[in-house]
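Asks: What follows is a predicted protein model with its sequence.
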Amino acid sequence: MKILVIPELDWIAALQNRVHKIFRRLAKNHEIHAIYFEHEKRGINKAFRLKSGIILHKPPSFYMKNMLSFYIFNIFPIYSYLNKIIQKYKIDIIVTTNFLFAPFAIRAAKKNSIPIVFDLVDFQPYHINYITFIPSILKRIGNSLLTTLLNYDIDHANHVITTGQPLSHYVRQRTNNKITLISNGVNDQLFNCAKDYSIIQKKFRKLAPIICFIGALEYWVDYPYLFQSISLLLKEFPSLHCLLIGPSRHFKLKKIQQVAANYKILEHVIFTGRIPYYQLYSYICASDVCILPFVKNYLTHCIIPMKLFEYLACDRPVISVNLAGIRSVAKDAVFYADTPVQLRDTIRLILTNVAEANAKIAIGKALVKKYSWTTIANQYEQVLQQVCWEHINTNQDE
């Protein structure tokens, strides 16, 4: 197949996500093209091939860091460029994770008589609630408009792929015959604890216990929940440190540091910034507890974070806020804690009760075997082939 991918974010600058993992593997047997939205200035002005074999195409556009402004001002030249790519390379199918641009991608697919698959990974309209400079009434209007846009994408795509049960349920309320649930996964060759790594002790000179979180440090992380639990633990574990690995783009790092300072634990929090993906496993393996400390709302109930599988693959005990999406996949493989006191008690249990921690680790180790990116990519490939086959047969019947 010749597949055109329309990502939500800058393919090069964005943190490694599911489209990177899946289509890097599909590129071994298929011709993969991807639209390159430049959200971080790099001066790239033409198509180029990555080492993975994926071909990136940069449409003519005015550079703007704000994504909404970027699409508003560049939508028509991007749409025109998209049609040229489809025709020039004889694209068989489009896959989009970009719900803002999806209506134009759907139009291009229909114009060129090819199918389009919409990969829905989270409830994107909810993000507008966290834009601080927008008044509440405009947020409500914007949320309604963006939800209408998302529903259009769902209704008009040939097929929808979702990552977990909450999103799957949302889509099924609108359509029953064109949805597949394909979770996120893990590179099980990279993320494992076959060796003993002590990178935290060597690099930061910090002693155990270490609590680890990997991911973007944004508004969906519940910092008071996390930092209050750490302050409660320090009396029993005075050497405890919390490792926060990842960039903070929208939610300012100084604001996070101030929250930590308010709980008088700033010296116990290590901010590493972005770490190369191939090094992440060593930080996980050097930690005692891995956490998913998310704010509870509809956005986070829908997510199935990749870090969940990466934690489990490294044989680490995992604590998560009780969220519908995570529970639908992880079930009993992780501990759940919804309050700072519950989080404190659960961390204490893990640090003092090795047998119970190991029991959870064993469940997680068995679970994560089902979620290698190779398996996920194979499932994805089967869906795309089926959609192409159905589209060809439908056109022949007409």
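Replies: Right, received. Where do you want to start?
Asks: C-alpha only now, for contacts and for neighbours.
Replies: Fine.
Asks: Secondary structure of I3: a strand, I assume?
Replies: Yes: under DSSP: H, G, I helix; E, B strand; the rest coil, I3 falls within a strand.
Asks: Near it, how many other residues are there?
Replies: I3: 23 surrounding residues under other Cα atoms under 10 Å.
Asks: which residue ranges form the helices in the stretch 1-150 of the chain?
Replies: In the stretch 1-150 of the chain, the helices defined using DSSP state H, counting those that start in this stretch lie at 18-26, 67-89, 102-111, 136-156.
Asks: And for the stretch 201-350 of the chain?
Replies: Applying DSSP H, counting those that start in this stretch to the stretch 201-350 of the chain gives helices spanning 223-233, 253-262, 280-285, 298-302, 306-313, 324-330, 340-352.
Asks: Comparing the ones you listed, which comes out most buried?
Replies: helix 306-313 (a mean of 25; mean count of other Cα atoms under 10 Å).
Asks: I'd like to know which elements it is packed against.
Replies: Applying 3 or more Cα pairs under 8 Å, 6 or more residues apart in numbering; DSSP states H and E, one finds that helix 306-313 makes contact with strand 318-320, helix 354-368.
Asks: Could you provide the helices of the stretch 1-150 of the chain in JSON lines, with additional columns for distance to K46, mean pLDDT and mean neighbour count?
Replies: Shown next, in JSON lines, are the helices of the stretch 1-150 of the chain (distance: least, Cα to Cα, whole Å; pLDDT from 0 to 100; neighbours: other Cα atoms under 10 Å):
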{"stretch": "helix 18-26", "distance to K46": "20", "mean pLDDT": "94", "mean neighbour count": "20"}
{"stretch": "helix 67-89", "distance to K46": "12", "mean pLDDT": "88", "mean neighbour count": "15"}
{"stretch": "helix 102-111", "distance to K46": "20", "mean pLDDT": "95", "mean neighbour count": "20"}
{"stretch": "helix 136-156", "distance to K46": "29", "mean pLDDT": "88", "mean neighbour count": "16"}
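Asks: returning to that earlier point: could you single out the most deeply buried of the helices and strands packed on helix 306-313?
Replies: Highest mean neighbour count among these (mean count of other Cα under 10 Å): strand 318-320, with a mean of 23.
Asks: hey, which helix or strand in the chain has the poorest pLDDT?
Replies: When the helices and strands of the chain are scored by mean pLDDT, DSSP states H and E, helix 199-204 comes last with a mean of 67.
Asks: Please look at L232 and D345 and confirm they touch.
Replies: No: using Cα atoms under 8 Å, L232 is not in contact with D345, being 9.5 Å away.
Asks: buried ones in the longest helix belonging to the chain?
Replies: Across the chain, the longest stretch assigned as helix under DSSP state H is helix 373-397. Neighbour-count burial for helix 373-397 flags 373-374, 376-377, 379-381, 383-384, 387-388, 391 (criterion: 16 or more other Cα atoms under 10 Å).
Asks: can you check stretch 3-16 too?
Replies: Using 16+ other Cα under 10 Å as the test for burial, stretch 3-16 gives 3-9, 11, 15.
Asks: Could you export those residues as CSV, including pLDDT and distance to V186?
Replies: Below are those laid out as CSV (pLDDT from 0 to 100; distance: Cα to Cα, whole Å):
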residue, pLDDT, distance to V186
I3, 97, 23
L4, 97, 23
V5, 96, 21
I6, 95, 22
P7, 93, 19
E8, 87, 20
L9, 84, 20
W11, 85, 19
L15, 80, 15
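Asks: Nearest to L150 among these?
Replies: E8 (13.3 Å; Cα to Cα).
Asks: for that closest one, what are its contacts?
Replies: E8 makes contacts with 96-99, as judged by Cα atoms under 8 Å, 6 or more residues apart in numbering.
Asks: residues contacting N66?
Replies: By Cα under 8 Å, 6+ apart, N66 lies in contact with H39.
Asks: So what's the residue count around S183?
Replies: Per other Cα under 10 Å, the neighbour tally for S183 reads 22.
Asks: Contact partners for it?
Replies: Neighbouring residues of S183 by Cα under 8 Å, 6+ apart: 162-164, 304, 371, 376.
Asks: Also F118?
Replies: Per Cα under 8 Å, 6+ apart, neighbours of F118: 95-97, 102, 153-154, 157-161.
Asks: related to what we said a few turns ago, turn the helices and strands packed on helix 306-313 into TSV, columns for mean pLDDT.
Replies: Formatted as TSV, the helices and strands packed on helix 306-313 follow (pLDDT from 0 to 100):
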stretch	mean pLDDT
strand 318-320	97
helix 354-368	94
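Asks: JSON lines for the ones you listed, including distance to Y278?
Replies: Output for the helices and strands packed on helix 306-313, formatted as JSON lines (distance: least, Cα to Cα, whole Å):
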{"stretch": "strand 318-320", "distance to Y278": "21"}
{"stretch": "helix 354-368", "distance to Y278": "19"}
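Asks: Next, G185: phi, psi?
Replies: Torsion angles at G185 (phi, psi; degrees, to the nearest 10) stand at phi -150, psi -160.
Asks: Next one: I291 from E38, what distance?
Replies: Note on I291: its distance to E38, by Cα to Cα, to the nearest Å, is 32 Å.
Asks: farthest pair in the contacts of S183?
Replies: T162 and Y371 (14.9 Å).
Asks: on that earlier part again, right, and the helices of the stretch 1-150 of the chain - which one's nearest A357?
Replies: Closest approach to A357 among those (Cα to Cα): helix 18-26, 28.9 Å.
Asks: Just the CA trace of that closest one, in CSV.
Replies: This file holds the C-alpha atoms of helix 18-26, laid out as CSV (Å, rounded to 0.1, in the frame of the first residue of the first chain):
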residue,chain,number,x,y,z
ARG,A,18,2.0,6.1,18.2
VAL,A,19,2.2,7.2,14.6
HIS,A,20,6.0,7.2,14.8
LYS,A,21,6.0,3.7,16.2
ILE,A,22,3.4,2.2,13.9
PHE,A,23,4.4,3.7,10.6
ARG,A,24,8.1,3.2,11.1
ARG,A,25,7.3,-0.6,11.2
LEU,A,26,4.8,-0.4,8.3
